[in-house]
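Asker: following is a predicted model, sequence given first.
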Amino acid sequence: MGLGKTVQAISLVASLASRGCARPHIVVAPLSTLLNWQREAEKWAPQRNVGNYSGTTADRKVICKYEFAVGQAKGEKSVPLERRVKCHLILTTYEMVNLGAQDLCKLSYGTMIVDEGHRLKNRASKLFGMLKKFKCEQRVILTGTPLQNNLEELFMLMHFIDPKKFTHNEVETFLEDYENIDTKEQIEELHNMLKPHLLRRMKNDVLGHLPPKKEQIVLVEMSHEQKEVYKALLRENFELLSSKSRGKVSGMRSLLMDLRKCCQHPSLITKNFNT
């Protein structure tokens, strides 16, 4: 996180557009990051048109009408739709891909960028199957979440990026070849296979002057109000604390959460205690 993946992806799109790539590019991202994508695109590529494909069904129809098919003059019916699209970059979410796939699949894209792309590790997911139907010259996956040594998930991500090299039928062979990676030669072979497709950015590469992390714990005594609420919570749950029943796990979780709220700020507790 925070290593410039968004800016680097936008720079790639802007560079391709400046070199004559007439096709639009698409970014598929979580809804929580979509506005950030739009803000960064307007900042780092202000000369490019950015379209946000989201909203209700009526909103998406308006977007398709005025953004996906503009610039068509008489006698231009033979011009491909993607060459008449006003947007250089189309932003959308995972949910919109499933809802508006019929509209989005009409276009042929230069680059498809999938943010938080580790969600594509499951080949049985609906999102994976839907994005595979999109026509594009290249695919890019952005993720800051490493895989947990799962070779099948790794293979499916590579298959999504380059389906010609990592064909769907070779997944079983891939798993058998690298089931037990216990030699230096096998590790190097796997790294060499993945190296042309990976661009890994580390904090040291981006911020060479970054000082080492220091953690300092400051112990602060609870206020008088916090102490009173804390004691009241314990008195209120005396039976739960003294019980030896195995079914008290959920109750203990709720109590611990209330105690944590009390330590943060006693006003977070909305209960009325019996005094």
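Answerer: Noted; the coordinates are in hand. Numbering: from 1, shown residues only.
Asker: going by C-alpha atoms from here, please, whenever you check contacts or count neighbours.
Answerer: Fine.
Asker: return the set of buried residues in the longest helix along the chain.
Answerer: Of all the segments of type helix in the chain, defined by DSSP state H, the longest one is helix 249-264. Residues of helix 249-264 classed as buried by neighbour count (16 or more other Cα atoms under 10 Å): 255, 258, 259, 261, 262, 263.
Asker: flag the shaky bits of the stretch 51-200 of the chain, pLDDT-wise.
Answerer: Within the stretch 51-200 of the chain, the segments meeting pLDDT under 70 span 69-84, 146-149.
Asker: what segments of it are strands?
Answerer: Per DSSP state E, counting those that start in this stretch, the stretch 51-200 of the chain carries strands over the ranges 89-93, 108-115, 135-142.
Asker: partners of the shortest one in the sheet?
Answerer: Paired strands of strand 89-93, with direction, are strand 25-29 (parallel), strand 50-52 (parallel) (DSSP bridges).
Asker: center of the protein - which residue?
Answerer: In the chain, the residue lying closest to the centroid (Cα atoms, centre = their mean) is residue 116, at 2.1 Å.
Asker: surely it touches residue 141?
Answerer: Yes: between residue 116 and residue 141 a contact is recorded at 7.5 Å, counting by Cα atoms under 8 Å.
Asker: picking that back up, using CSV, list the CA coordinates for the longest helix of the chain.
Answerer: C-alpha atoms of helix 249-264 as CSV (Å, rounded to 0.1, in the frame of the first residue of the first chain):
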residue,chain,number,x,y,z
VAL,A,249,-17.8,-17.7,24.0
SER,A,250,-20.1,-15.3,22.1
GLY,A,251,-21.0,-13.5,25.4
MET,A,252,-17.3,-13.1,26.3
ARG,A,253,-16.6,-11.6,22.8
SER,A,254,-19.3,-9.1,23.3
LEU,A,255,-18.0,-8.2,26.8
LEU,A,256,-14.4,-7.8,25.6
MET,A,257,-15.6,-5.5,22.8
ASP,A,258,-17.5,-3.3,25.4
LEU,A,259,-14.4,-3.2,27.6
ARG,A,260,-12.3,-2.2,24.6
LYS,A,261,-14.8,0.6,23.8
CYS,A,262,-14.6,1.7,27.4
CYS,A,263,-10.8,2.0,27.2
GLN,A,264,-11.1,4.0,24.0
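Asker: and it, what other elements does it pack with?
Answerer: helix 224-236, helix 238-242 (3 or more Cα pairs under 8 Å, 6 or more residues apart in numbering; DSSP states H and E).
Asker: now the strands of the stretch 51-200 of the chain in JSON lines, with mean neighbour count and distance to residue 99?
Answerer: Shown next, in JSON lines, are the strands of the stretch 51-200 of the chain (neighbours: other Cα atoms under 10 Å; distance: least, Cα to Cα, whole Å):
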{"stretch": "strand 89-93", "mean neighbour count": "23", "distance to residue 99": "10"}
{"stretch": "strand 108-115", "mean neighbour count": "23", "distance to residue 99": "17"}
{"stretch": "strand 135-142", "mean neighbour count": "16", "distance to residue 99": "17"}
